[in-house]
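**Q** let's see this in three dimensions:
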Amino acid sequence: MNRQINFITLKNNKNLEVILANIGASVYSVRFNGQEMLLSPKDSLDFANSREYYGKTLGRVAGRILSKQNGFTLDNTEYNFTLHGGFDNLSYKIYSYSIKKEVGKQIVSFSYISKHLECGFPGVLELKVYYILYDDEDKLLVRYEAISDQNTILNLSNHMYFNFGTKNLLDYYLTIPASKILAFDEHQLPFKSEDVPTALDFRNKTKINDKINMIEKLQTKTIDHTFLLDDLEKPCCILENAEYKLSVNSSYEALNCYLNCTNKGVKYIYDDVDTLYRGLAIEPQHNNLDSNKIKLEKGKLYSEYILYTFERK
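**A** Next up, the predicted model:
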């Protein structure tokens, strides 16, 4: 397979410029009013090869499966633990793509055929990832469509890390309309839903720094949880600081958020960042513990979306 990495730049008539890449059908950069809004590696090879999933499509199954206590079986196939679909996942495949202009929007369509048992999941999967930039609105829509020739499981998302040009996100405010989360077992694998703990209760707009001491006492030491959303009519997540506001809407009923606190291994487009709490991955997705949500039947169309809206205060 040709491993050449191509970048595609889109600009609208307002304030948004987006750079996409064919590796992982990904988002490399989002500039709003000239400000970089993503935590993204400056070097294209770092972007392509880093296992931090920067801006990549997640799959075949975003998030964590499964609980070692409960197990997970579909049509007599037993699934082992994976994170974002395992090592040989969709995030680092090279996709073919096309670009077209329609009235009021620009569309980049990425395509990839995942072979039977690639990533360990059954079925030949025909996948399309559409990025739609609106000409006169500062909105980026991501739409996922897929068909499998066998019953399988599928849960697609994106792993952009958001940082609006600051050292860290401690002074940002976060809103997530969720009263339940997925609880972890001793192996840090989800196995049941439970009431959202105080440390992760963002149903009301809350400054991250106001909860950071409680968050650091969690098993994960950071935000790295799947929230079960209360109201799909509302944005599943709002992230904002004194200057900018990002609202995320989605067709999914769950949302995984990860506040990045790993060692800083690369230089970023905006490199004046701290090691801890430097970016938030906002990953709308299905609840992996609900087999009815992540099962994709043979020949049935998988169709979900994520919409990002950017505002200047």
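**Q** run through the helices of the stretch 151-300 of the chain in chain order.
**A** 212-215, 291-294 (DSSP state H, counting those that start in this stretch).
**Q** next one: the stretch 1-150 of the chain
**A** Ranges of helices in the stretch 1-150 of the chain, per DSSP H, counting those that start in this stretch, are 44-49.
**Q** ok so, going back, for residue 128, find the nearest of the helices of the stretch 151-300 of the chain.
**A** The closest of those to residue 128 is helix 291-294. By Cβ to Cβ, the value is 18.5 Å. Backbone N, C-alpha and C define where each C-beta goes, glycine included.
**Q** residue 301 touches residue 147, doesn't it?
**A** Yes - contact criterion Cβ atoms under 8 Å: residue 301 and residue 147 qualify, at 5.9 Å.
**Q** which of those two has more neighbours?
**A** residue 147 (18 against 10; other Cβ atoms under 10 Å).
**Q** could I get the pLDDT score of the more buried one?
**A** For residue 147, the pLDDT comes out at 98.
**Q** residue 185 now?
**A** Reported pLDDT for residue 185: 78.
**Q** what about it, distance to residue 28?
**A** Distance of residue 185 to residue 28, given as Cβ to Cβ, to the nearest Å: 36 Å.
**Q** between those two, tell me which one has more neighbours.
**A** Each of residue 185 and residue 28 had its neighbours counted (other Cβ under 10 Å), and the higher figure belongs to residue 28 (24 against 14).
**Q** the more buried one reaches residue 22, doesn't it?
**A** No - Residue 28 is beyond contact range of residue 22, at 10.4 Å (criterion: Cβ under 8 Å).
**Q** which residues of the stretch 1-150 of the chain score low on pLDDT?
**A** Across the stretch 1-150 of the chain, the ranges flagged by pLDDT under 70 are 1-3, 66-81.
**Q** once you drop chain neighbours, what's closest to residue 276?
**A** Leaving out its chain neighbours, the residue that sits closest to residue 276 by Cβ to Cβ, 6 or more residues apart in numbering is residue 261, at 4.7 Å.
**Q** then residue 193?
**A** Residue 193's closest residue in space is residue 180 (Cβ to Cβ, 6+ apart), at 4.9 Å.
**Q** what pairs with that neighbour across the strands?
**A** Per DSSP bridges, the residues bridged to residue 180 are residue 195, residue 228.
**Q** was I right to think residue 195 contacts residue 180?
**A** Yes - using Cβ under 8 Å, residue 195 is in contact with residue 180, at 6.3 Å.
**Q** of these two, who's got more company?
**A** Ranked by neighbour count (other Cβ under 10 Å), residue 195 and residue 180 place residue 180 first, with 17 against 10.
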